[in-house]
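Student: Here is a sequence with its predicted model. Questions after.
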Amino acid sequence: MTPVLSCERLYKTFHGRPVLHDLDLHVAEHEVVALIGASGSGKSTLLRCVNLLETVDDGRIRLDGADITDPRVDADKVRARIGLVFQAYNLFPHLTVLANVTLAPIRVHRLSRSEAIGRGLELLDRVGLADRAGDYPDRLSGGQQQRVAIARALAGSPRLILLDEVTSALDPELVGEVLELVAELKRDGTTMVVATHEMGFARRVADRVCFLDGGRILEQGPPGQVLDAPAHERTRRFLRRVARP
């Protein structure tokens, strides 16, 4: 079967410094891939390239077999098929919770307002926030804002969800509620690529864990293999460091 996402020999530099280097990644339908690695290893840059927020210097990215790095491609149409959740929520502060969730379905996917509102309320109910639909983001906790951001990403029924360190801006007591929601999406068969520093979450949710180092995928495999019996010393050093209290 054609992978939902294929990244082939990606290169990306910033100011002459390689950030992605000869990187290959293929994600099957319903698969959840966790990207782990130190800060600066290329995790967030990879997600931004997949969503066409950054352009690659070389290589190809394919979505359902179509080359989305072709310069003739309409980037907005591609992004309409990919949900991206940022670590800092990025909700519009001047819009209500419901308006944040329905904005793209109305403006991008051309749903009627009534259809978009119905879909938005269903999604807010799914993330446990239907009763906060009329509130503004500053009235919500960080965990609640992140759940709204995930609902917004789901609103367009995307082929692929990208999650970029979605718990890093949260207080520790709020992390669990967001991770549980992502675990629920996994159970529903959502195709996801997740950059995370939460090794327990990667173990619980991912079908495959990829360890990035210097812009390359140095090691990948099932969570038990990569996290418990890594083949590379560099992976072992990273895991020892993140395991320290």
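Tutor: Structure received. Numbers count the residues shown, from 1 in each chain.
Student: What is the burial count for residue 26?
Tutor: Counted with other Cβ atoms under 10 Å, the neighbours of residue 26 add up to 15. Where you see a C-beta, it was placed from the backbone N, CA and C, and this is true even at glycine.
Student: scratch that, residue 28 is what I was asking about
Tutor: Residue 28: 14 neighbours (other Cβ under 10 Å).
Student: In three-state terms, label the closest residue to it other than its chain neighbours for me.
Tutor: Using Cβ to Cβ, 6 or more residues apart in numbering and skipping residues adjacent in sequence, the residue nearest residue 28 is residue 3, 5.5 Å away. Assigned state for residue 3: coil (three-state reduction, DSSP: H, G, I helix; E, B strand; the rest coil).
Student: gap between residue 198 and residue 78?
Tutor: To residue 78, residue 198 is 28 Å away according to Cβ to Cβ, to the nearest Å.
Student: same thing with residue 168?
Tutor: Residue 168 is 26 Å from residue 78, by Cβ to Cβ.
Student: Which one's more surrounded, these two?
Tutor: When neighbours are counted by other Cβ under 10 Å, residue 168 and residue 78 differ, and residue 78 comes out ahead with 17 against 13.
Student: Assess the claim that residue 148 and residue 92 are in contact.
Tutor: No. Using Cβ atoms under 8 Å, residue 148 makes no contact with residue 92, being 10.6 Å away.
Student: overlap in contacts of the two?
Tutor: In terms of Cβ atoms under 8 Å, 6 or more residues apart in numbering, residue 148 and residue 92 are both contacted by the residues 100, 137.
Student: Mean pLDDT per helix and strand in this protein: which one sits at the bottom?
Tutor: helix 172-187 (a mean of 86; mean pLDDT, DSSP states H and E).
Student: After it, which helix or strand is next?
Tutor: strand 192-195 (DSSP states H and E).
Student: Check which helices and strands that next one sits against.
Tutor: Applying 3 or more Cβ pairs under 8 Å, 6 or more residues apart in numbering; DSSP states H and E, we find strand 192-195 packed against strand 32-36, helix 43-50, strand 160-164, helix 172-187, helix 199-205.
Student: And what about the most far-flung residue of the chain relative to its centre, helix, strand or coil?
Tutor: Residue farthest from the centre of the chain, counting by Cα atoms, centre = their mean, is residue 114 at 28.2 Å. When classified by three-state DSSP, residue 114 comes out as helix.
Student: any idea how far it is from residue 127?
Tutor: 21 Å.
Student: Next up, the contacts around residue 192.
Tutor: Contacts of residue 192 by Cβ under 8 Å, 6+ apart are 32, 33, 160, 161, 162, 163, 182, 185, 186.
Student: Skipping adjacent residues, who's closest to residue 167 in space?
Tutor: residue 175 (4.5 Å).
Student: so what's the one you found up against?
Tutor: Counting by Cβ under 8 Å, 6+ apart, residue 175 has contacts 143, 167, 198.
Student: of the residues you listed, closest to residue 83?
Tutor: residue 167 (16.9 Å; Cβ to Cβ).
Student: Can I get the contacts of residue 175 in TSV including distance to residue 15?
Tutor: Below are the contacts of residue 175 laid out as TSV (distance: Cβ to Cβ, whole Å):
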residue	distance to residue 15
143	36
167	29
198	30
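Student: Checking residue 89 next. Helix, strand or coil?
Tutor: Applying three-state DSSP: residue 89 is coil.
Student: Spit out the contact partners of it.
Tutor: Per Cβ under 8 Å, 6+ apart, neighbours of residue 89: 137, 142, 145, 146, 148, 149, 169.
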